[in-house]
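Undergrad: sequence below, structure please.
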Amino acid sequence: MTEPLSIPGNVPGKALLLLGCPEAPAQQAIALYLAHQLRSHGADLLITGNPSVLNLLRVSDPEKHYIGQMMVLEKCIEEIVEKRRTTDLCVVCAHNDAAIAYAATMHHLLPDSRMVVIIFGKDPEPLAASIDFPCEKIVEKAVHNPMQLKAKVNEVFGWAASRT
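TA: Below is the predicted model of the structure:
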């Protein structure tokens with residue numbers, strides 16, 4: 001049995017996974033991996049993004065073994081603004097400026113949440129340098145191959161010994 005994820009505190013918490021535009025194939029793989037890991041560690045997970053990225057996940061996991069609850073990003077933001085939704089952990093996958101802007105929005109709307117921004121793509125360093133708010137950053141050059149990105153995710157979340 002795996003230990004529950006503490007986000008923060010010693011009980012499983014609510015987690016939000018915000019996905020950017022699905023241009024980089026590595027995002028799909030890392031999103032499914034994160035969904036699996038977070039849910040198996042006890043997090044109550046909501047995945048949000050644009051309709052295209054959510055549809056890719058629905059097709060990739062038709063029986064919802066990994067993905068669980070999903071919501072279009074604009075509706076999620078609306079619920080957060082109206083205080084109908086909160087989260088303990090917000091993970092943002094970002095490979096362009098728009099996703100960094102969404103991460104900044106989430107940081108502003110969820111100031112008490114743990115914020116992890118996963119920055120990837122062909123040239124992730126300038127994107128990472130553009131982040132001017134406090135968060136944990138995972139930065140890796142990854143477009144097609146998610147393996148190094150997965151290793152860094154494992155380190156940040158304490159899953160380094162995980163064999164999945």
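
Undergrad: export the longest helix along the chain to CSV, keeping only CA atoms.
TA: Assignment by DSSP state H gives helix 25-40 as the longest helix of the chain. Extracted C-alpha coordinates of helix 25-40, given in CSV (Å, rounded to 0.1, in the frame of the first residue of the first chain):
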residue,chain,number,x,y,z
PRO,A,25,3.3,15.1,-26.8
ALA,A,26,5.2,14.7,-23.5
GLN,A,27,2.4,16.6,-21.7
GLN,A,28,-0.1,13.8,-22.4
ALA,A,29,2.1,11.2,-20.9
ILE,A,30,3.1,13.2,-17.9
ALA,A,31,-0.5,14.2,-17.3
LEU,A,32,-1.6,10.6,-17.2
TYR,A,33,1.3,9.7,-15.0
LEU,A,34,0.6,12.5,-12.6
ALA,A,35,-3.1,11.7,-12.5
HIS,A,36,-2.2,8.0,-11.6
GLN,A,37,0.3,8.9,-9.0
LEU,A,38,-1.7,11.7,-7.3
ARG,A,39,-4.9,9.6,-7.2
SER,A,40,-3.1,6.4,-6.0
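
Undergrad: counting by contacts, list what that helix packs against.
TA: Helices and strands touching helix 25-40, by 3 or more C-beta pairs under 8 Å, 6 or more residues apart in numbering; DSSP states H and E, are strand 14-19, strand 44-49, helix 51-60, strand 89-94, strand 114-121, helix 147-157. Every residue, glycine included, has its C-beta placed from N, CA and C.

Undergrad: what about V117, how many neighbours?
TA: 26 (other C-beta atoms under 10 Å).

Undergrad: could you do G42 as well?
TA: There are 17 residues near G42, going by other C-beta under 10 Å.

Undergrad: in which helix or strand does it reside?
TA: Counting by DSSP states H and E, no helix or strand carries G42.

Undergrad: distance of it from H144?
TA: With distances taken as C-beta to C-beta, to the nearest Å, G42 is found 31 Å from H144.

Undergrad: go on, T86?
TA: Going from T86 to H144 by C-beta to C-beta gives 35 Å.

Undergrad: what about the two, which has more around it?
TA: It is T86, of T86 and H144, that has more neighbours when counted by other C-beta under 10 Å, with 14 against 8.
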